[in-house]
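Student: return atomic coordinates for the entry below.
(one chain, ligands or ions: 2)
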Amino acid sequence: MTAARLTLPSPAKLNLMLHILGRREDGYHELQTLFQFVDYGDEITFAVRDDGVIQLHTEFAGVPHDSNLIVRAAKMLQQQSGCALGIDIWIDKVLPMGGGIGGGSSNAATTLLGLNHLWQLGWDEDRLAALGLSLGADVPVFVRGHAAFAEGVGEKLTPVNPEEPWYLVLVPQVSVSTAEIFSDPLLTRNTPPIKVRPVPEGNSRNDCLPVVARRYPEVRNALDLLGKFTEAKLTGTGSCVFGGFPNKAEADKVSALLTETLTGFVAKGSNISMLHRKLQSLL
Ligand SMILES: C[C@](O)(CO)[C@H](O)COP(=O)(O)OP(=O)(O)OC[C@H]1O[C@@H](n2ccc(N)nc2=O)[C@H](O)[C@@H]1O
Ligand SMILES: Nc1ncnc2c1ncn2[C@@H]1O[C@H](COP(=O)(O)OP(=O)(O)OP(=O)(O)O)[C@@H](O)[C@H]1O
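Tutor: Ligands and ions are numbered 1, 2, ... in the order given. Sure, this is the predicted structure:
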């Protein structure tokens, strides 16, 4: 057969707020968080092969081939669907790892949706999201592709439509371990639940921020610097720090001032992910 080939975006997410409500028996934490995408991310290219082999051709420092979420997602989908086809994969990786912007989860979701398309499996979103959840708590929101208020460990999603400002995202050169932050004894774990709709106004706190800022001076520095211009927030468990601006010009202006000493990028907030916009255009 002729090899079908497809390049798809794998965008980042931001947690516009993140409350920790409690800890479950299994050690995982009950959260309430608001996910929004940004128009910035990796690009993954897929080429179908007919021998059933799954091969990621791009090397990741510190991540063995078979542990990569892209490979794990592809193998799981192949196994569960009984598909006899394989895939060659290349990624243009721009998203930092351990930055709290969901790079690995997004890559897994792009892989699931891309292969569902190329292998012509006809799986619906519910099924792909359920498979995605077994790879990571943040995978389902990337599979759905709509900004969402998330509860549980992040899997109970209610679509929402917050404003879509331009963001400046600062990337401190440090990788934060999610497990380490969630096991810190000083973490706030008793925030009362809030109601979802329409958008959780005035609740933009991230309960992980005090713990991350105390442990990582690089993150504290980014929060302090960005905080001179706009409300500076932490996404997920960090390390990335972000702030919203009414237009690109203002975000660019602050970026020019801060990126002399810090790494960062400017991107538009988006309630429909770039991945879904691209997939729509293919139909
Ligand atoms: C905090 C968020 O960034 C919000 O978007 C995500 O929920 C984190 O998701 P993730 O990076 O996919 O995290 P996972 O790989 O699932 O979990 C890493 C570790 O963080 C802790 N963890 C994670 C999520 C959660 N709701 N409670 C937890 O206690 C657990 O110790 C877990 O072993
Ligand atoms: N395709 C992948 N891209 C990035 N990281 C991957 C990938 N596959 C496996 N990983 C592993 O997952 C870890 C977390 O990466 P990821 O980019 O998802 O972090 P994150 O942005 O902090 O995510 P989150 O917001 O979900 O906490 C990495 O340190 C790496 O070891």
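Student: going forward, measure contacts between C-alpha atoms and count neighbours the same way
Tutor: Fine.
Student: which bits of the chain sit near ligand 2?
Tutor: 63, 68-70, 97-105, 107, 138, 178, 236 (Cα under 6 Å from any ligand atom).
Student: ok, of those residues, which come out buried?
Tutor: Buried members of these, scored by 16 or more other Cα atoms under 10 Å, are 68-70, 98-105, 107, 138, 178, 236.
Student: so which of those residues are in helices?
Tutor: 69-70, 103-105, 107, 178 (DSSP state H).
Student: which among those gets closest to residue 30?
Tutor: Among these, residue 178 lies closest to residue 30 (Cα to Cα), at 14.3 Å.
Student: which stretches of the stretch 1-150 of the chain form helices?
Tutor: 69-81, 103-118, 125-133, 139-144 (DSSP state H, counting those that start in this stretch).
Student: among these, show me which one is buried the most.
Tutor: Neighbour counts (mean count of other Cα atoms under 10 Å) averaged over each of those peak at helix 139-144, with a mean of 28.
Student: quick one: mean pLDDT for it?
Tutor: Helix 139-144 shows a mean pLDDT of 98.
Student: contacting residues for residue 39?
Tutor: Neighbour list for residue 39: 11-12, 267-270, 273-274 [criterion: Cα atoms under 8 Å, 6 or more residues apart in numbering].
Student: could you say which helix or strand holds residue 219?
Tutor: Secondary structure assigned from DSSP states H and E places residue 219 in helix 217-226.
Student: filter the ones in helices among the buried ones among the residues of the chain next to ligand 2 down to the ones near ligand 1?
Tutor: With the criterion set as Cα under 6 Å from any ligand atom, the members of these near ligand 1 are residue 178.
Student: contacts only, for the most centrally placed residue in the chain.
Tutor: Centroid-nearest residue in the chain: residue 102, 2.5 Å away (criterion: Cα atoms, centre = their mean). Listed by Cα under 8 Å, 6+ apart, the contact partners of residue 102 are 12-13, 138.
Student: same question for residue 43.
Tutor: By Cα under 8 Å, 6+ apart, residue 43 lies in contact with 7-10, 91-93.
Student: quick check: angle from the longest strand along the chain to helix 103-118?
Tutor: Secondary structure assigned by DSSP state E gives strand 29-49 as the longest strand of the chain. Per axes from the mean of the first three to the mean of the last three Cα atoms, to 10 degrees, the angle that strand 29-49 makes with helix 103-118 is 40 degrees.
Student: with only the CA atoms kept, save strand 29-49 in PDB.
Tutor: Output in PDB follows, covering the C-alpha atoms of strand 29-49 (Å, rounded to 0.1, in the frame of the first residue of the first chain):
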ATOM      1  CA  HIS A  29      -5.000  14.400  44.600                       C
ATOM      2  CA  GLU A  30      -8.500  15.600  43.800                       C
ATOM      3  CA  LEU A  31      -8.200  18.800  41.800                       C
ATOM      4  CA  GLN A  32     -10.200  21.500  40.200                       C
ATOM      5  CA  THR A  33      -8.400  23.100  37.400                       C
ATOM      6  CA  LEU A  34      -9.100  25.200  34.300                       C
ATOM      7  CA  PHE A  35      -7.300  24.100  31.100                       C
ATOM      8  CA  GLN A  36      -6.800  26.300  28.100                       C
ATOM      9  CA  PHE A  37      -4.600  25.600  25.100                       C
ATOM     10  CA  VAL A  38      -2.100  28.000  23.500                       C
ATOM     11  CA  ASP A  39      -1.300  28.200  19.800                       C
ATOM     12  CA  TYR A  40       2.200  27.000  20.300                       C
ATOM     13  CA  GLY A  41       3.600  23.500  20.400                       C
ATOM     14  CA  ASP A  42       5.400  20.500  18.800                       C
ATOM     15  CA  GLU A  43       4.700  19.100  15.400                       C
ATOM     16  CA  ILE A  44       4.500  15.300  14.900                       C
ATOM     17  CA  THR A  45       4.800  13.600  11.500                       C
ATOM     18  CA  PHE A  46       3.300  10.200  11.000                       C
ATOM     19  CA  ALA A  47       3.900   7.800   8.000                       C
ATOM     20  CA  VAL A  48       1.900   4.500   7.900                       C
ATOM     21  CA  ARG A  49       3.900   1.300   7.400                       C
END
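Student: do that strand and ligand 1 meet at all?
Tutor: Yes. Residues of strand 29-49 contacting ligand 1 under Cα under 6 Å from any ligand atom: 29-30.
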